[in-house]
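Engineer: what would the 3D arrangement of this be:
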Amino acid sequence: MSILDGVQRVLSLYADGAMELSFTDVAARLAMPKSTASRVLNQMQHYGLLDQDPATRRYRPGALLAQAVRAGMAATPLDEACRDVLIRLSEDSGLTAYLSTLNQRETVVLQRLNGSHPVQVLSPPGSRRNASGTAMGRALLSRLSDTEFQALYGDDPTQPLPMEGRDCPATVGDLARLVEQTRADHCGVAIDQAMPGIGAVAAAVRDPATGELRGLCLSFVSFQADAERVARLRAAVLAQVAGLGRTLNDPYWLT
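Structural biologist: Got it, this is the predicted structure:
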């Protein structure tokens, strides 16, 4: 079997819906010799096709794949409308502004606009994070119905979540409470949680015509933001995303 054959077979597992796979998973599911599985996975990680979680040692699709897919997709009208909002937010604040979507339990960066501030928080398009630990993720999750949330996380509130950082939700029940608070606030804020030293303010829109879900956020290094500045950023994000939501006739932003 050539290395490309192995790559194709591994990618087919993710195409079928797998989110993360261990070395043992790949070898067993593909009936592949362990030495071959190890060689294929190492090569795929080396060339950016897969990322490996340093804690769990499990593999997930790499940022390079997400970037390649994104490059081949035309921006939707919603993405274009969101970009206009990102431009205003970034220019007014000087901060990095992001547009992301939800892929299963992860957020995926679709667009990034660099701000004018000399210190920036930069994650490239295609970057993925667990939704549970970020303001962006919780803003996106807050736009799901209870049925959609349970389809992702199950209905056992004691089910543990990956431990990512300080003050991140430890269980599905903890996450559900944070998501409900974000839904009530129409906005998520996270500082020094999954990403120490980083803060973000995020809100999300859902196009009722297409069902497309997008999250918009401003990101900053935490030493830049005292409580007063975070409040101003939160108000700015709310005002801009609410305006977009009303334009879309998103019921969440009409009340």
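Engineer: can you name the element that comes right after the helix or strand of the chain with the lowest mean pLDDT?
Structural biologist: Least confident element among the helices and strands of the chain, by mean pLDDT, DSSP states H and E: helix 63-71 (a mean of 64). Using DSSP states H and E, the helix or strand that follows helix 63-71 towards the C-terminus is helix 77-93.
Engineer: run through who's touching that following helix.
Structural biologist: 75, 95-99, 110-111, 113-117, 205, 207, 210, 212, 214, 216, 218, 233, 236-237, 240-241, 243-244, 247-248 (Cβ atoms under 8 Å, 6 or more residues apart in numbering). Just so you know, the C-beta spots here come from the backbone N, C-alpha and C atoms, and that holds for glycine as well.
Engineer: packing partners of the very next helix or strand once past it?
Structural biologist: Toward the C-terminal end, the helix or strand that comes next after helix 77-93 (DSSP H and E) is strand 96-103. If contacts are counted by 3 or more Cβ pairs under 8 Å, 6 or more residues apart in numbering; DSSP states H and E, strand 96-103 sits against helix 77-93, strand 106-113, helix 135-141, strand 213-221.
Engineer: list the buried residues in the longest one.
Structural biologist: So that's helix 77-93. Buried residues in helix 77-93, defined by neighbour count with 16 or more other Cβ atoms under 10 Å: 78, 79, 81, 82, 83, 85, 86, 88, 89, 90, 93.
Engineer: ok, which of the helices and strands packed on strand 96-103 comes nearest residue 62?
Structural biologist: Minimum separation from residue 62 across the helices and strands packed on strand 96-103 (Cβ to Cβ) falls at strand 106-113, 12.1 Å.
Engineer: any regions of the stretch 51-200 of the chain where pLDDT drops low?
Structural biologist: 66-75, 118-122 (pLDDT under 70).
Engineer: my guess is residue 136 meets residue 200, correct?
Structural biologist: Yes. Under the criterion of Cβ atoms under 8 Å, residue 136 makes contact with residue 200 at 6.3 Å.
Engineer: dump the buried residues of helix 77-93 into CSV; add distance to residue 148 as well.
Structural biologist: Formatted as CSV, the buried residues of helix 77-93 follow (distance: Cβ to Cβ, whole Å):
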residue, distance to residue 148
78, 18
79, 21
81, 23
82, 21
83, 26
85, 24
86, 25
88, 30
89, 27
90, 30
93, 31
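Engineer: nearest to residue 181 among the residues you listed?
Structural biologist: Distances from residue 181 to these, taken by Cβ to Cβ, are shortest for residue 89, at 22.4 Å.
Engineer: the closest residue to the closest one other than its chain neighbours: neighbour count?
Structural biologist: Closest residue in space to residue 89, ignoring its immediate chain neighbours: residue 97 at 4.8 Å, by Cβ to Cβ, 6 or more residues apart in numbering. By other Cβ atoms under 10 Å, the residues close to residue 97 number 26.
Engineer: list the contacts for residue 97?
Structural biologist: Neighbour list for residue 97: 86, 87, 89, 90, 112, 113, 115, 216, 217, 218, 219 [criterion: Cβ under 8 Å, 6+ apart].
Engineer: out of the residues you listed, which is nearest to residue 195?
Structural biologist: Each of the contacts of residue 97 was scored against residue 195 by Cβ to Cβ, and residue 219 proved nearest at 8.9 Å.
Engineer: ok, that closest one touching residue 197?
Structural biologist: No. In this structure, residue 219 is not within contact of residue 197 by Cβ under 8 Å, at 11.2 Å.
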